[in-house]
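J.: pasted the sequence and its predicted model underneath.
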Amino acid sequence: MTPEVWAWVYIILLSGFIGYDVIRRVPVVLHTPLMSGSNFIHGIVLVGAIIALGFAQNDVEKIIGFIGVLMATLNVTGGFVVTRRMLAMFVSKGEKK
């Protein structure tokens with residue numbers, strides 16, 4: 001493998017470890033606001049994946065782009081579902097339908 005590939009692997013692994021460590025240290029009270037903020041970021045990721053898929057020229061790039069769009073869509077949808085469930089926990093008995 002070329003040094004450029006190793007650099008990308010290093011960046012991806014390092015960002016994964018840093019992201020995990022940052023999220024692990026967030027207090028429970030802040031998770032709902034962070035979820036809505038992360039939904040916004042995942043929406044941007046989805047738009048970027050769609051743009052990358054639009055510029056794909058060969059089959060491998062199209063497959064990777066499609067997987068990116070699919071995963072970003074699942075991430076956005078899952079984020080909204082989790083946020084909705086978390087907010088439902090704070091609704092009083094009188095407000096529920």
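T.: Nice, I can see it.
J.: show me where the chain has strands.
T.: Counting by DSSP state E, one finds no strands in the chain.
J.: so where's the longest helix in it?
T.: helix 59-88 (DSSP state H).
J.: what mean pLDDT does it have?
T.: For helix 59-88, mean pLDDT rounds to 85.
J.: list the buried residues for that helix?
T.: 65, 68-69, 72, 75-76, 79, 83 (16 or more other CB atoms under 10 Å). In short, each C-beta sits where N, CA and C put it, glycine included.
J.: that one - contacts with which helices or strands?
T.: helix 31-54 (3 or more CB pairs under 8 Å, 6 or more residues apart in numbering; DSSP states H and E).
J.: quick one: distance of the helix it packs on to the chain centre.
T.: 6 Å (CA atoms, centre = their mean, to the nearest Å).
J.: could you give the angle of that helix to helix 59-88?
T.: 160 degrees (axes from the mean of the first three to the mean of the last three CA atoms, to 10 degrees).
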